[in-house]
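> sequence unavailable; structure follows:
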């Protein structure tokens, strides 16, 4: 079974969305983890936007990358430039992937405008995860 690690800065939003979708699309074929170079807790809006698409991530936790140094990952996906630049080195044969998704947690405006930004980023991450699983998880 393949092991996938998704990395972001605070492991609160983008990496949580990606973890949820990768678990859905690679069910039974991969173990999926997410972590951050810091831990900020799971963003309540991330939980809400995933529930709108039928995925419950309310039981996810915000984890630090150092918690996973003993796991041999097959794939490491960074979902923001900051995590790619700040990620501490740890010995790994993992194939690395990177996509800098916009941070919906930085969205401003009305509640409706912020919700739209979360939904937009969610759909970007959903497509990326579906394509990733189709290309890399057999």
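Thanks, I have it. In this text the structure is predicted, and so the values were computed from the model without any measurement. Residues are numbered from 1 along each chain as shown.
> correct me if wrong: residue 31 contacts residue 2.
Yes - between residue 31 and residue 2 there is a contact under Cβ atoms under 8 Å: 7.4 Å. All C-beta spots, glycine's among them, are computed from the backbone N, C-alpha and C.
> show me where the chain has its strands.
Ranges of strands within the chain are 2-8, 30-36, 75-78, 95-98, based on DSSP state E.
> can these go into TSV with extra columns for mean neighbour count and mean pLDDT?
TSV is the format used below for these (neighbours: other Cβ atoms under 10 Å; pLDDT from 0 to 100):
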stretch	mean neighbour count	mean pLDDT
strand 2-8	24	94
strand 30-36	23	96
strand 75-78	24	92
strand 95-98	14	91
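> would you turn those into TSV with distance to residue 22?
Compiled in TSV, the strands of the chain are given as follows (distance: least, Cβ to Cβ, whole Å):
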stretch	distance to residue 22
strand 2-8	6
strand 30-36	4
strand 75-78	8
strand 95-98	12
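> for residue 114, which of those is the nearest?
Ranking these by proximity to residue 114 (Cβ to Cβ) places strand 2-8 first, at 18.5 Å.
> now what about the closest one, what contacts it?
Strand 2-8 has contacts (Cβ atoms under 8 Å, 6 or more residues apart in numbering) with 14-15, 18-19, 22, 26, 29-37, 65, 68, 71-80, 83-84, 87, 94, 136-137.
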